[in-house]
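[1] sequence and predicted structure are below.
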Amino acid sequence: MDIRQLRTFSCVAELGSLSKASDTLRVAQPALSRQIKLLEHELRAELFTRNGRGMVLTDAGRLLLARTAGIVRQIDQVRDEIQSAGGPPSGRVVLGLVPTVSCVISARLARRTVDKYPGISLCIVESYSGHLTEWLHRGEMDLALIYGPSSDLHLAVQSLGRDHIVAVGPRGSGLSRKKQVDIGWLLQQRLVLPSHSHGLRALIEQAAAKKKLKLDVKLEADSFRVLTSLVEEGLGYTLLPPSSVRHEVAGGRLETATIAKPSPMRELTLASPIDHPGSTAITLVSELLRDELVACREEGLWDIKLA
C-alpha cells in the first residue's frame, strides 16, 4: 500500500463514486480504478461492491477505512504544514458541530475563516454528539463542538461553557404566556425527542428518573430539523437550547418557556483526537470558534455561560 492508493480509496469511499472522486482528485477514472484494483489485489479482498448507484464499501473496505482514514489525514496535514511554513496558513480542517450549535454559528464561523484565513479550507459536518465522537476517534475529524460530560469521551477536551435548556412547544401551546414551567409538568406532556443514543435524550431521561416519572414519547427524530417541524405541527413538546429555535420563535411558529430551577443544562466541549497533533490551521480555527462563541453571547444570540 502507498499513500496515493489510500488517498484514492478514502476519496472514493467518502463520495461513493469513481466519477466524483475523479473530479475531486483531478485524476482520470481509469487511473483511479487501477489504483483501487491494485490495492484490492495486495489485500486479497474486495473493498467495494459496484452497482448502479455507485461504489459501496464491503466489510473489508469499512475496516480499511476505519484503520487508515486518520493516517491519510495526518499525512495531508504534514504536507499542508510544510507548504505553508513561513507563509499564510493553509490546509483543510474538518469541524464537527451538533445541530443546535451549527444553526447558530456555522455560517458566521465560515465567514470569519474565509475573511481572516483564505488559505484554510473549512469543512463543517453537522451531526449529533455520538456520531461526531466516533469520527474523532477514527481520525476522520479534527475538531468537534459537542455536548459532554467531557470526562467520558476519551478525547482531548476543553470545556467552553454550559448551555441552557428550555421547554419548546407549538404555536398556541401557551408556553410564551406561562414564561416558566416546572420540569415535572413538562415531562408528563407528550414529548418529541431524539432516540436513546443521543445526549439530550439521556439528560431528559435522568431528569424523569429523579422525578420518578415515565416519559410519554410518541415520536422520535434524530434530525434537528425534523424534531422542530414535528413540534411545529403540534405533535408534542421538546427541550432545546433557546438559541437553536430563535428564528422559529420570532416567526411565531414555536413558543418557549424557561424551566424552573433546578433547570437542565449541558456542558459544551471542544474535543479533538488524543493522538492527533494539531496543525496550525486547526489551532487557528479553534481560536476563531471561541471568538465566535463570545461574539454570539455579546450580541444576545446565545445565552451560554462561558467557562
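    That came through, no problem.
[2] what's the burial count for the closest residue to Ile274 other than its chain neighbours?
    Once flanking residues are discounted, Ile274 sits nearest to Ala156: 5.1 Å by C-beta to C-beta, 6 or more residues apart in numbering. For glycine as for every other residue, the C-beta is placed from the backbone atoms N, C-alpha and C. The number of residues packed around Ala156, counting by other C-beta atoms under 10 Å, is 16.
[3] distance of Ala156 from Ala209?
    31 Å (C-beta to C-beta, to the nearest Å).
[4] which residues sit against stretch 73-93?
    Residues outside stretch 73-93 that contact it (C-beta atoms under 8 Å, 6 or more residues apart in numbering) are 3, 7, 94, 117-123, 139-140, 142-143, 276-277, 279-282, 284-285.
[5] okay, now the unreliable bits of the protein?
    By pLDDT under 70, the low-scoring segments of the chain are 84, 149-152, 277.
[6] element containing the residue of it most remote from its centre, please.
    Most distant from the centre of the chain: His41, at 35.7 Å, with distances by C-alpha atoms, centre = their mean. His41 is located in helix 29-43, with elements delineated by DSSP states H and E.
[7] what comes into contact with that helix?
    Outside helix 29-43, the residues that touch it by C-beta under 8 Å, 6+ apart are 1, 4-6, 8-9, 12, 18-19, 21-22, 25, 46-48, 60, 64.
[8] find the nearest non-adjacent residue to Ser197, please.
    That would be Gly130: by C-beta to C-beta, 6+ apart, it lies 5.3 Å from Ser197.
[9] what helix or strand is that neighbour on?
    Using DSSP H and E, Gly130 falls in helix 129-137.
[10] how about the helices in the chain?
    3-15, 18-25, 29-43, 59-84, 99-116, 129-137, 175-178, 183-187, 199-210, 224-232, 246-250, 280-298 (DSSP state H).
[11] keeping just the C-alphas, turn the shortest one into CSV.
    Extracted as CSV, the C-alpha positions of helix 175-178 are listed here (Å, rounded to 0.1, in the frame of the first residue of the first chain):
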residue,chain,number,x,y,z
LEU,A,175,-45.6,28.4,26.8
SER,A,176,-44.9,32.0,26.0
ARG,A,177,-47.7,33.1,28.3
LYS,A,178,-46.5,30.9,31.1
